[in-house]
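Asker: return atomic coordinates for the entry below.
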Amino acid sequence: MKKLSFINKIIYYINVIVAILLLLSFALPFLPPKTFSILSVLNLGVSFLILVNVLFFLYWLVKLKKQLMLSLFVLFIGYISFGSLYKFSSSKKIESPNNIKVMNYNVRLFNLYNWITEKHVENKIVDFIKAEAPEILSIQEYHPHENIDLSFFKYKYEKLSGNKTKYGQAIFSQFPIVNSGSIEFPDTGNNAIFADILKGSDTVRVYNIHLESLRINTNVETLKNEDSERLFKRIGETFKMQQFQTELFLMHKKQCTYKMIICGDFNNTAFSYVYSKIKGDLNDTFKEAGNGFGRTYNFKFFPVRIDFIFAEESFSVNGFKAYNECYSDHYPIMATLGLK
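Answerer: Model prediction:
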């Protein structure tokens, strides 16, 4: 420290703070939000903290300073615990007659209220889905829009709520749905649904989960003007609701004896308590076969992955793709799964 210039000392102090915050965030998957609601807010910024620590490491590396060891150590701990934020490997793609293509997509009511000024967004979503041809489609914020025709799927299950505007979750399938139902979350329009799908001689349980929304406006000026204490408190309360909703889901999941696929918009990151609990010993298909950041939410400041497809060990993960089509505030993802 004595050999550092005044400016570099300030930079290093900031580096220490950012490194400590990142180190603290690694404990978040083990800390229930009901007990640590304020601290749990930190997991939303883990991607940002990782990227900043990478920049600090590169800065000290260029300067040939031993201070690079701080961020390097914290990044190494994170890599051992959670893997890499960015996947450098090319997407795995294995063709097999037993493959099932599963897509997850939060369509934001098919742009019902014209959040995107582009015309006929709802038709473009349908055309995109039709072109990519998933055999199972899990949709959050589904709305039976008058211009929407997904009849190229042979079977569907939808669960809608709302008075004037009907919305909810839906599962579409090219394979027969032999059973279906909903897990109701109290005091919210969010819920989880399931469909038992017959694929050959196998019955596969597909869950579609939409956990409580954070309702954070991504507009920079709006965020600047929002009271930070109120914002943190609101996010903390949302995370408490997400934990309760996750507990309801896990009780239902425990009773299932079928091979299982879990899709959904968790409104939380891969560094969160709810992600850790829902994933359990399932495979995160992005980690198994994806590449890049795998971002699923249109957040301007750094890549955010809050939509997931998990699969049991009964499935081989033969492919994964995160798309860039911007027809919603979420990006679609698709996993190719092989029945073993």
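Asker: lowest average confidence, helix or strand, in the protein?
Answerer: Least confident element among the helices and strands of the chain, by mean pLDDT, DSSP states H and E: helix 220-225 (a mean of 53).
Asker: in the helix or strand following it, which residues are buried?
Answerer: For helix 220-225, the succeeding helix or strand toward the C-terminus, using DSSP states H and E, is helix 228-254. Along helix 228-254, these residues count as buried under the neighbour rule (16 or more other C-beta atoms under 10 Å): 234-236, 238-246, 249, 253. In short, each C-beta sits where N, CA and C put it, glycine included.
Asker: repeat for stretch 159-171
Answerer: 159, 167-171.
Asker: low-confidence bits of the protein, can you list those?
Answerer: With pLDDT under 70 as the threshold, the chain has low-confidence stretches at 1-2, 90-91, 216-228.
Asker: and the gap between Ser84 and Phe320?
Answerer: Using C-beta to C-beta, to the nearest Å, one gets 15 Å for the distance from Ser84 to Phe320.
Asker: look up how far Val41 lies from the closest residue in space to Phe249 that isn't next to it in sequence.
Answerer: Computed as C-beta to C-beta, 6 or more residues apart in numbering, the closest residue to Phe249 that is not its neighbour in sequence is Ala192, at 5.1 Å. Ala192 is 23 Å from Val41, where distance means C-beta to C-beta.
Asker: who's more crowded, these two?
Answerer: Ala192 (25 against 20; other C-beta atoms under 10 Å).
Asker: what's near enough to touch that one?
Answerer: By C-beta atoms under 8 Å, 6 or more residues apart in numbering, the contact list for Ala192 reads 169, 182-183, 185, 207-210, 245, 248-249, 252, 264.
Asker: for it, which residues make a bridge with it?
Answerer: Beta bridges link Ala192 to Ile183, Ile209, judged by DSSP bridges.
Asker: tell me the secondary structure for Asp4?
Answerer: Quick fix: residue 4 reads Leu, not Asp. Going by DSSP: H, G, I helix; E, B strand; the rest coil, the secondary structure assigned to Leu4 is coil.
Asker: my read: it touches Tyr12, true?
Answerer: Yes. With contacts counted by C-beta atoms under 8 Å, Leu4 reaches Tyr12, the gap being 6.4 Å.
Asker: who touches both of those two?
Answerer: When contacts are counted by C-beta under 8 Å, 6+ apart, Leu4 and Tyr12 have Gln67 as shared neighbours.
Asker: can you list contacts of stretch 47-55?
Answerer: For stretch 47-55, the surrounding residues in contact (C-beta under 8 Å, 6+ apart) are 15, 18-19, 21-22, 25, 71, 74-75, 78, 85, 269, 293, 301-305.
Asker: and if we set it to 7 Å?
Answerer: The set of residues external to stretch 47-55 that reach it, using C-beta atoms under 7 Å, 6 or more residues apart in numbering, is 18-19, 21-22, 25, 71, 74-75, 78, 85, 301-304.
Asker: would you mind checking those residues for buried ones?
Answerer: The neighbour count (16+ other C-beta under 10 Å) marks 18-19, 21-22, 25, 71, 74-75, 78, 85, 302-304 as buried among these.
Asker: need the residues you listed in JSON lines (columns: distance to Ser138 and secondary structure).
Answerer: Below are the buried ones among the contacts of stretch 47-55 laid out as JSON lines (distance: C-beta to C-beta, whole Å; DSSP: H, G, I helix; E, B strand; the rest coil):
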{"residue": "Val18", "distance to Ser138": "36", "secondary structure": "helix"}
{"residue": "Ala19", "distance to Ser138": "38", "secondary structure": "helix"}
{"residue": "Leu21", "distance to Ser138": "34", "secondary structure": "helix"}
{"residue": "Leu22", "distance to Ser138": "32", "secondary structure": "helix"}
{"residue": "Ser25", "distance to Ser138": "28", "secondary structure": "helix"}
{"residue": "Ser71", "distance to Ser138": "38", "secondary structure": "helix"}
{"residue": "Val74", "distance to Ser138": "35", "secondary structure": "helix"}
{"residue": "Leu75", "distance to Ser138": "33", "secondary structure": "helix"}
{"residue": "Gly78", "distance to Ser138": "29", "secondary structure": "helix"}
{"residue": "Leu85", "distance to Ser138": "25", "secondary structure": "coil"}
{"residue": "Phe302", "distance to Ser138": "26", "secondary structure": "coil"}
{"residue": "Pro303", "distance to Ser138": "22", "secondary structure": "coil"}
{"residue": "Val304", "distance to Ser138": "19", "secondary structure": "strand"}
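Asker: what is the nearest of the residues you listed to Leu214?
Answerer: Top of the list for closeness to Leu214, among the buried ones among the contacts of stretch 47-55 and by C-beta to C-beta, is Val304 at 10.7 Å.
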